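A.B. asks: Curious how this folds, go ahead:
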Amino acid sequence: MTEALTLRWMALTGGLDRAAAPVLGSLARLVFAAVLFLYYWRAGLAKIGEGPLGPFMPDPGAYAQIFPRAFEAVGYDPSGLGLFHWAVAVAALWAELVLPVLIVIGLATRLAALGMIGVVVVQSLTDILGHAVGPETVGAWFDRLPDAAILDQRAFWVFLLLALVLRGPGPISLDALIRRRLEPKPMRRRPSGGRPSPGRR
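C.D. replies: Below is the predicted model of the structure:
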């Protein structure tokens, strides 16, 4: 009796695994779109400077956010910072604008999710080292308190993005569409045993 129930349970869970695997990526992208897309998109827009070169000349607030101590040391004047600071600010601006869009539409999803993990890590280190946020903001694991902004909240962000890196974007994505277009067409044999002909999609 126990063995029969175990086998039935294994068959049921195996079926769930097979049914869920293709859609997990799509669900992860939906959650990202609902929770994090506008957060990062608006952060990227806020970093754009004035004028037509704004996407390549970040707003002073971008430097204040990314390099708070260095920016304070030069009297909040972007011209006092170096090429490295400019390059990092521009990279952060474009990462926050482009990577979320790629994840939502499912294009180059694994690379985009990996890049977003880097964004979250750098953001967290900047908060801790640059802005010197307090321990209540940093939080701690295994402390029964699940609401700290960095070690608790962003751990879930990274886990969501890691699921996309490992599982991919799912069938409802541009990646899946491109893959279907590029896959070789299957060959089929004629009933008479003649030469195989390309199958139709």
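
A.B. asks: low pLDDT regions in this protein?
C.D. replies: Residue ranges of the chain with pLDDT under 70: 1, 187-201.

A.B. asks: Let me see the ranges of the strands in it.
C.D. replies: Along the chain, the stretches classed as strands by DSSP state E are 187-188, 197-198.

A.B. asks: Now residue 24. Nearest residue, chain neighbours left out?
C.D. replies: Computed as C-beta to C-beta, 6 or more residues apart in numbering, the closest residue to residue 24 that is not its neighbour in sequence is residue 167, at 5.2 Å. C-beta: built from backbone N, CA, C; applies to glycine.

A.B. asks: is it true that the one you found touches residue 23?
C.D. replies: No. Look at residue 167 against residue 23 with C-beta atoms under 8 Å: they stay out of range, at 9.8 Å.

A.B. asks: neighbour count winner among these two?
C.D. replies: Taking other C-beta atoms under 10 Å, residue 167 and residue 23 do not tie; residue 167 has more neighbours (19 against 14).

A.B. asks: returning to what we had before: now do the contacts for the residue nearest to residue 24.
C.D. replies: Residues counted as contacts of residue 167 (C-beta atoms under 8 Å, 6 or more residues apart in numbering) are 21, 24-25, 28.

A.B. asks: do you know how far the residue positioned nearest the centre of the chain is from residue 76?
C.D. replies: Centroid-nearest residue in the chain: residue 113, 3.1 Å away (criterion: C-alpha atoms, centre = their mean). For residue 113, the distance to residue 76 equals 34 Å [C-beta to C-beta, to the nearest Å].

A.B. asks: picking that back up, out of the contacts of residue 167, who has the most neighbours?
C.D. replies: Each of the contacts of residue 167 was scored by neighbour count (other C-beta under 10 Å); the top score is that of residue 25, with 25 neighbours.

A.B. asks: That one: what's its closest spatial neighbour, skipping adjacent residues?
C.D. replies: Nearest residue to residue 25, sequence neighbours excluded (C-beta to C-beta, 6+ apart): residue 170, at 3.2 Å.

A.B. asks: could you check the distance from that neighbour over to residue 22?
C.D. replies: Distance, residue 170 to residue 22, using C-beta to C-beta: 6 Å.

A.B. asks: same deal with residue 100?
C.D. replies: Distance of residue 100 to residue 22, computed by C-beta to C-beta: 23 Å.

A.B. asks: what about residue 40, how many neighbours?
C.D. replies: For residue 40, using other C-beta under 10 Å, the count is 21.

A.B. asks: what sits against it?
C.D. replies: 96, 99-100, 116, 119.

A.B. asks: now do 7 Å
C.D. replies: Listed by C-beta atoms under 7 Å, 6 or more residues apart in numbering, the contact set of residue 40 reads 96, 100.

A.B. asks: One more: residue 80?
C.D. replies: With C-beta under 7 Å, 6+ apart, residue 80 has these contacts: residue 74.
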